[in-house]
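> sharing a model prediction with you, sequence too.
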Amino acid sequence: MGLGGHDDTVAEYVCQLPEQARKLALDELREDDSSREQSLVQFREWINKHPNIKKCRTDAPFLLRFLRTKKFSVPQACEMLERYLIIRQLYPQWFQKLDPNDKDLAEIIDNGYLVPLPERLDGKMVLFSNAGKFDPHKYTAAHMVRVHSLITEALMDDDLNQVNGYTYVNDEAGFSMSHISLWSLTDIRNILRCIQNSTPMRHKNNHFLNISSNAVKLIEFAVSLLSEKLKSRIQIHKSLEDLHKNIDTKILPKEYGGEVPLSEMISKLKATLAAKREQLLALDEMYIEIDEKSCPLVSEMNEELGMGLEGSFKKLQVD
């Protein structure tokens, strides 16, 4: 896998997308064989000439994450890659050492906190999370983010995921004040910024289920920080029946009305992660030099939250 910042030996990319996904890629992302080839050449040139990028993957599956997320605008894809490399270094506790054999991460995955569903929804990968399966007394907010990072990194090279995007189903049953207390406001804002501006994923729909009064306020706060486009893709369901109206029931875990038990889905995920372990750990070899004084992203992430925001969160905890 071409990790070298100045490595010209890159495997030839052969597009394996089925016809329907190809058509979607052309309609929504302006992607065809010629735009893809030209963009990959330009992207690699930019990486090779970048004064601060010392090591970076340059294989097509990796670069297409960014090109597809940014609809083949090479300048925007370059900017997103730069942000991606910088935040990996600014927040190693969130984005580095993504090891499926890590004891804590393995336990959280075994508990069923986050699992990709084996069947797609209209071509989209569905990520299913269950807040009640994450123990806030045993694990930290960093554990939570790293589990998401580990699983999404294992999915992001997939062509279909890049083109069709992701849908999220979040069961908030069991979400408590202890979960809220794991997070500082600055961390919530920064992780949302990372998701929106630095993570090469096409986020499609976000479904929430079983929201307690504790969770409502945190979700409202988080939603207030999202772009209008992402806000418009959030749906809150009052019941499982309501969710079933929006999502093909059979793709859900058996425990939610589907056909495959959660335990089988977890086993499949663990096999995927084990197969990709070396590739996941190799991500840490990528390196960009950051001048903390002049890097706009550093100051953007470090800027103090306005009092309005702090105030609104304090109020949220008192109510």
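Received it, and whenever you're ready, just let me know what you need.
> I'd guessed Lys270 sits against Glu107; true?
No. Look at Lys270 against Glu107 with C-beta atoms under 8 Å: they stay out of range, at 11.8 Å. Every C-beta, even on glycine, is put in place using the N, C-alpha and C of the backbone.
> tell me where the stretch 201-319 of the chain has strands.
Assigned by DSSP state E, counting those that start in this stretch, the strands in the stretch 201-319 of the chain fall at 203-209, 234-237, 287-288.
> reformat those as JSON lines; add mean neighbour count and distance to Thr167.
What follows is the strands of the stretch 201-319 of the chain, written out as JSON lines (neighbours: other C-beta atoms under 10 Å; distance: least, C-beta to C-beta, whole Å):
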{"stretch": "strand 203-209", "mean neighbour count": "19", "distance to Thr167": "5"}
{"stretch": "strand 234-237", "mean neighbour count": "16", "distance to Thr167": "10"}
{"stretch": "strand 287-288", "mean neighbour count": "18", "distance to Thr167": "31"}
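> and these: which comes nearest Asp59?
strand 287-288 (16.7 Å; C-beta to C-beta).
> got the contact list for stretch 190-199?
If you take C-beta atoms under 8 Å, 6 or more residues apart in numbering as the criterion, stretch 190-199 is touched by 80, 83-84, 86-87, 91, 94, 145, 152, 201, 203, 222, 225-227, 230, 300-301.
> per-residue confidence at Asp7?
Asp7 carries a pLDDT score of 48 in this model.
> which intervals of the chain have sub-threshold pLDDT?
1-9, 304-319 (pLDDT under 70).
> filter the contacts of stretch 190-199 to the buried ones?
80, 83-84, 86-87, 91, 94, 145, 152, 201, 203, 225-226, 230, 301 (16 or more other C-beta atoms under 10 Å).
> let me know the closest of those residues to Ala25.
Using C-beta to C-beta, the buried ones among the contacts of stretch 190-199 come closest to Ala25 at Met201, 15.4 Å.
> count of neighbours near the closest residue to the closest one other than its chain neighbours?
Counting by C-beta to C-beta, 6 or more residues apart in numbering, Tyr166 is the residue found nearest to Met201 once chain neighbours are left out, at 5.8 Å. The number of residues packed near Tyr166 is 21, by other C-beta atoms under 10 Å.
> how near is Tyr166 to Asp158?
To Asp158, Tyr166 is 11 Å away according to C-beta to C-beta, to the nearest Å.
> shared neighbours, these two?
Common neighbours of Tyr166 and Asp158 (C-beta under 8 Å, 6+ apart) are Met125.
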